[in-house]
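J.: Please work out how this folds:
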Amino acid sequence: MASPRTITIVALSFALGLFFVFMGTIKLTPRLSKDAYSEMKRAYKSYAKALPALKKIGVSSVLLRKIIGTLEVGCGIVLTLVPGRPKDVANFILLLVMLAVLFFHQLVGDPLKRYAHALVFGILLTCRLLIARQGEDRPEREERREEQITAQEKNKVKVS
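T.: The predicted model follows:
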């Protein structure tokens with residue numbers, strides 16, 4: 001039977017992956033929801049206006065939206081389907097994207113209800129990453145502890 005930690009990581013990975021595939025797809029195409037797509041276009045125009053440095057380096061609102069949408073879809077697919085270390089890399093990339101999105105929302109002065117989803121999913125991505133990384137440290141700690149116990153037992157035998 002799988003451990004609770006494994007079940008948690010798999011459930012979070014799958015749910016987060018599907019969410020980001022959905023949100024990224026909305027940024028890239030109007031096929032899922034024309035209203036949401038139009039809203040994304042409007043929002044990214046305001047982000048690009050608030051950051052004139054993007055225009056100087058040749059990043060338009062359309063390109064910014066497509067970059068973020070593509071990152072979300074790609075990393076969402078990795079979180080959902082790919083096993084192992086690539087999930088942690090995708091998790092970290094999505095966490096950086098969420099931080100950028102939070103920055104954009106703050107920059108244009110959006111109210112909390114407009115970016116609460118980014119805050120919540122950023123927290124969930126952080127939790128998933130911490131839980132996944134926590135399990136990797138355990139075997140090393142247990143080995144060190146066993147070595148210390150063995151060394152202490154040898155010292156006791158020598159003293160006796």
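J.: For the helix or strand where A48 lies, name the packing helices and strands.
T.: If you go by DSSP states H and E, A48 is part of helix 34-50. Here helix 34-50 touches helix 4-28, helix 61-81, helix 85-108, going by 3 or more CB pairs under 8 Å, 6 or more residues apart in numbering; DSSP states H and E. The way it works is simple: take the backbone N, C-alpha and C, and place the C-beta from them, glycine included.
J.: Show residues contacting the longest one.
T.: Same thing as helix 4-28. 2, 31-33, 36-37, 40, 44, 65-66, 68-81, 87, 91, 94, 121, 124-125, 127-128, 131-132, 134-135 (CB atoms under 8 Å, 6 or more residues apart in numbering).
J.: again, but for the second one
T.: Residues outside helix 61-81 that contact it (CB under 8 Å, 6+ apart): 13-14, 16-28, 40-41, 44-45, 47-49, 54, 59, 86-87, 89-91, 93-94, 97, 100-101.
J.: Any of those residues buried? List them.
T.: Buried residues within the contacts of helix 61-81, counting neighbours by 16 or more other CB atoms under 10 Å: 13, 16-17, 19-21, 23-28, 40, 44, 47-48, 54, 87, 90-91, 93-94, 97, 101.
J.: In the protein, where is pLDDT below threshold?
T.: Counting by pLDDT under 70, the ranges of the chain that qualify are 136-143, 157-160.
J.: Quick check: C75 vs F121, distance?
T.: 12 Å (CB to CB, to the nearest Å).
J.: Which one of these two is surrounded by more residues?
T.: Taking other CB atoms under 10 Å, C75 and F121 do not tie; C75 has more neighbours (28 against 20).
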